[in-house]
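Engineer: Show me the folded form of this:
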Amino acid sequence: MKTLAKKSFYYDGYDEYLYTGIQGFVMRQNHRILSKNVPYKVNRKTLEIGGGAKPHCSLVALEGVGDYWVSDSKEVLESNVNISNMSIKKHLIEDDPDYNFFSEKGMLFSRIIASHVWEHISDPEGALLKWIGLLEEDGQLDIAIPSDPGWAWRFGQLVGRKKAMVSYRLSSEDIDLMMTREHINSCQNLIRIVKSYTKVRGNYFPFFVPITDINLFVFFRLKKSDFLN
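Structural biologist: Presented below is the predicted three-dimensional model:
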C-alpha cells in the first residue's frame, strides 16, 4: 500500500510580509504595547522566547538592559539576531526545550518576552509554567498572541492575502496550510489556560473590549504572584 507523504514546500519572505506596509504598522504596535509602562529595571535581565526575524529589542528601544537572551532556532540565531548597540546572548531552543541550561545554572530573569510564539507550542500549558519558573520573584512575563481564529484576525489575513502570496511565493491554499501547521493553539484555548491559573484577564488590541472576534491581538502581563493559590 502506498504511503502518502505530507505536502512540503519552502517559504521565505517573513520580514517582507510582516514588517512592511499595514502589516508592519500593526506588528510594530504589537511590540510597542508589549513594552508599554515597563519600568527600566524590569528589562535588566531579559529572555525573549522565539525572537524570530525581528527580536523585540530591534523594534522597541529598551532601557536598563544588562543581559538580553534570545532563544530560537539555529537558523534564526545564525542569520538574524544582530542588534546594534546591544550584546545578544543566544540560546538554542531546539537543543534545550525545557530550559535545563538556565535551570542548572540557577539563572532567573527579570523579564521574559514571548511575542507571537505561544500559539506555536505543542504544550502551551507546560511552557507557560516553565517560563514562570524562570522568573525572578518580582519579574514579569509579557505574552502577545494573535486573535486567531477570531473574525477580525481572519479578515486581516484575507486583506493581506495577495501580499502574502507574493512575499512567500506560495499559493493561497499553501498559505492556509502553512498557518494551520504554525498556529496549533487557538487564541481562546490560550486564554483559558491563563484563566485556569490566574485572575489576569489580559489586554486587547485594537478595541480593548475582551472579545476576540473584534480584536487582532491579546496581551498578558504575568508575575509569579499571579499563580499563587
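Engineer: switch to C-alpha atoms for all contacts and neighbour counts from now on
Structural biologist: Noted.
Engineer: ok, now which ones touch Met1?
Structural biologist: Listed by C-alpha atoms under 8 Å, 6 or more residues apart in numbering, Met1 has no contact partners.
Engineer: Check what pLDDT it gets.
Structural biologist: At Met1, the predicted lDDT confidence score is 73.
Engineer: quick one: it and Ser73, what's the gap?
Structural biologist: The gap separating Met1 from Ser73 is 36 Å, by C-alpha to C-alpha, to the nearest Å.
Engineer: before we move on, what about Val26?
Structural biologist: Shown here: Val26 relative to Ser73, a distance of 25 Å by C-alpha to C-alpha.
Engineer: Check what contacts the helix ranked longest in the chain and list those residues.
Structural biologist: Criterion DSSP state H: the longest helix present in the chain is helix 21-34. Contact with helix 21-34 is made by 17-19, 56, 59-60, 115, 142-144, 160, 217, 219, as judged by C-alpha under 8 Å, 6+ apart.
Engineer: Among these, which ones are in strands?
Structural biologist: Using DSSP state E, Ser115, Asp142, Ile143, Ala144, Phe217, Phe219 are the members of the contacts of helix 21-34 that sit in strands.
Engineer: Mind checking the pLDDT average for the helix or strand hosting Glu173?
Structural biologist: Applying DSSP states H and E as the criterion places Glu173 in helix 172-182. Averaged across helix 172-182, the pLDDT comes to 92.
Engineer: and what of stretch 86-99?
Structural biologist: Here the average pLDDT along stretch 86-99 is 85.
Engineer: CA-only coordinates of it in CSV, if you can.
Structural biologist: Listed next in CSV are the C-alpha coordinates belonging to stretch 86-99 (Å, rounded to 0.1, in the frame of the first residue of the first chain):
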residue,chain,number,x,y,z
MET,A,86,23.3,45.6,22.3
SER,A,87,25.1,42.4,23.1
ILE,A,88,22.8,39.5,22.4
LYS,A,89,23.2,36.2,24.2
LYS,A,90,21.9,33.2,22.2
HIS,A,91,20.1,30.1,23.4
LEU,A,92,19.3,27.3,21.0
ILE,A,93,15.7,26.4,21.8
GLU,A,94,15.8,23.1,19.8
ASP,A,95,18.6,21.5,21.9
ASP,A,96,17.2,22.7,25.2
PRO,A,97,13.4,22.7,25.0
ASP,A,98,12.9,22.5,28.8
TYR,A,99,15.4,25.3,29.5
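Engineer: That one: which residues count as buried?
Structural biologist: By neighbour count on 16 or more other C-alpha atoms under 10 Å, the buried set for stretch 86-99 is Ile88, Lys90, His91, Leu92, Ile93, Tyr99.
Engineer: can you give me the strands for the protein?
Structural biologist: Under DSSP E, the chain gives strands at 45-49, 67-72, 88-92, 109-115, 135-146, 203-205, 217-222.
Engineer: With distance to Trp153 as extra columns, can I get these in JSON lines?
Structural biologist: Compiled in JSON lines, these are given as follows (distance: least, C-alpha to C-alpha, whole Å):
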{"stretch": "strand 45-49", "distance to Trp153": "23"}
{"stretch": "strand 67-72", "distance to Trp153": "25"}
{"stretch": "strand 88-92", "distance to Trp153": "31"}
{"stretch": "strand 109-115", "distance to Trp153": "16"}
{"stretch": "strand 135-146", "distance to Trp153": "7"}
{"stretch": "strand 203-205", "distance to Trp153": "11"}
{"stretch": "strand 217-222", "distance to Trp153": "8"}
